[in-house]
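Novice: sequence below, structure please.
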Amino acid sequence: MFMFTQPDPVLESTAGQHVEKEKNRFVKLLFKYNAVVLLIVMFIVATILSPYFLTPENMFNVLRQQSTFMLVGLGMLLVMLTGGIDLSVSSTVTVSSIMVCYCLKPLLMQNQSWGLLVSVILAIVIGFAFGCINGFFISVLNMPAFIVTLAMMYAGRGVAFIITDANTILLDQSVPANEVFVAFATGADPVLHLPYPTYVMIALIIVIGLVLHFTAFGRLITAVGSNETAVQLAGVNSKKYKFWAYAICGALCGVAGVILAARTGSGTALSTSVSYDMTSIAAVVIGGASLKGGEGNVPMTIVGVFVLAIIGNIMNLVGVGVYPQLVVKAVIIILAVLLKSISSKRVD
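Specialist: Here you go, the predicted model:
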């Protein structure tokens, strides 16, 4: 004779709750790392659409092109962590790239060895100065970041056209130092064949990542954007951290300007038309950073940069025009912000 036992409703309820919790946890992870999912999907789609996408030449070309955008994106991440924004990064990159070429001509006539080094340092210092000006007006004088950086954007464009007189400054590559400078951006190491700018990008990614995640300075930058009042009540000078976020952003733009000048072998005011500002903001937002500040990290910013990079690269490979690309990128940005908003509500 068989004995049939009734199912225990308590055990069934517990099992159901466990399944529901696991399901909710998976959904939360999916929303939290939606940029990673998007990157994987874009990578698969790009591989299917073009046989040239996975070729070493194309992959190295993407890395070379994205080195400047990555550096600007890291700077924008620092600024946005404080709850700010920087619309002047395109102008800062442009002026820095022009200053390299502008300074190289007279300095190389005197000494080729230190002339290149001085020109590069001056270009980075120019970018740093732009960031310091932004930081001073925003942190010390409490002016809105949007207005200050918008004004600096126009000022940078004006300075670029004044210095170049609306012409392009071409580097004479018959000069050995100029040849070395251009070869740095266009060449690659003989072992891994990685473009040299990629190593600069990796080094600065590591530095910024370590600073943000393992130092008091990095944690306080995030805290300022999360709750500036609480930081001030704790006796911390929040203005100092805001100032340095903009200053470091400017310096990173200066490095990006140096790489841009080396890659093109020239300096031109027309580089201001390259949307480093919108692209970097979009990359940081796609990576999960909050426009309100206090949220964002380096790994996800890297993902955001390469999401946009792959979108642009595959559309170029299949022959999509520039203007449709802008529409597609706009849709991706809106979807990223929407998913971020949904994710925040689910956590709440």
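
Novice: counting contacts, what elements does the host helix or strand of residue 99 pack onto?
Specialist: In this assignment (DSSP states H and E), residue 99 forms part of helix 89-110. With contacts taken as 3 or more Cβ pairs under 8 Å, 6 or more residues apart in numbering; DSSP states H and E, helix 89-110 sits against helix 56-81, helix 112-135, helix 145-164, strand 169-170, helix 176-186, helix 238-264, strand 266-267, helix 276-286. Bear in mind the C-beta positions are built from the backbone N, C-alpha and C, glycine included.

Novice: for residue 332, which of the ones you listed is the nearest?
Specialist: Among the helices and strands packed on helix 89-110, the nearest to residue 332 by Cβ to Cβ is helix 276-286 (6.9 Å).

Novice: after that closest one comes which helix or strand?
Specialist: helix 298-317.

Novice: coming back round to it: for the helix holding residue 99, which positions count as buried?
Specialist: The neighbour-count check on helix 89-110 (16 or more other Cβ atoms under 10 Å) flags 89-105, 107-108 as buried.

Novice: repeat that for stretch 65-74.
Specialist: Buried, per 16+ other Cβ under 10 Å, within stretch 65-74: 65, 66, 67, 68, 69, 70, 71, 72, 73, 74.

Novice: again, but for stretch 180-199
Specialist: So for stretch 180-199, counting by 16+ other Cβ under 10 Å, buried means 181, 182, 184, 185, 188, 194, 195, 196, 197, 198.

Novice: taking those together, which two end up most distant?
Specialist: 181 and 194, at 18.5 Å, using Cβ to Cβ across the buried residues of stretch 180-199.

Novice: tell me the centre residue of the chain?
Specialist: Centroid-nearest residue in the chain, with Cα atoms, centre = their mean: residue 73, separated by 1.1 Å.

Novice: spit out the contact partners of it.
Specialist: Residues in contact with residue 73 (Cβ atoms under 8 Å, 6 or more residues apart in numbering) are 279, 280, 283, 284, 301, 304, 305.

Novice: kindly report the same for residue 223.
Specialist: So residue 223 contacts 230, 231, 236, 294 (Cβ under 8 Å, 6+ apart).

Novice: ramachandran angles for the third one?
Specialist: Same thing as residue 236. Dihedral pair for residue 236: phi -100, psi 140, per degrees, to the nearest 10.

Novice: let the chain start at 73 from now.
Specialist: Noted, 73 is the first residue going forward, which turns the last one into residue 308.

Novice: how far away is it from residue 296?
Specialist: 8 Å (Cβ to Cβ, to the nearest Å).

Novice: verify the stated contact: residue 118 with residue 379.
Specialist: No. Using Cβ atoms under 8 Å, residue 118 makes no contact with residue 379, being 11.0 Å away.

Novice: those two: who's more crowded?
Specialist: More crowded of residue 118 and residue 379, by other Cβ atoms under 10 Å: residue 379, with 25 against 20.

Novice: the more buried one: what's it in contact with?
Specialist: So residue 379 contacts 107, 110, 111, 114, 355, 358, 404 (Cβ under 8 Å, 6+ apart).

Novice: one more time with 7 Å
Specialist: Shown in contact with residue 379 (Cβ atoms under 7 Å, 6 or more residues apart in numbering): 107, 110, 111, 114, 358.

Novice: I'd like those residues written out as CSV, with secondary structure, neighbour count and distance to residue 202 added.
Specialist: Below are the contacts of residue 379 laid out as CSV (DSSP: H, G, I helix; E, B strand; the rest coil; neighbours: other Cβ atoms under 10 Å; distance: Cβ to Cβ, whole Å):
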residue, secondary structure, neighbour count, distance to residue 202
107, helix, 25, 29
110, helix, 20, 32
111, helix, 21, 31
114, helix, 19, 33
358, helix, 28, 25
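
Novice: ok, of those, which one's closest to residue 154?
Specialist: Using Cβ to Cβ, the contacts of residue 379 come closest to residue 154 at residue 358, 19.3 Å.

Novice: would you mind measuring from the closest one to residue 250?
Specialist: 37 Å.

Novice: now swap in residue 391 and tell me
Specialist: Counting by Cβ to Cβ, the gap from residue 391 to residue 250 is 35 Å.
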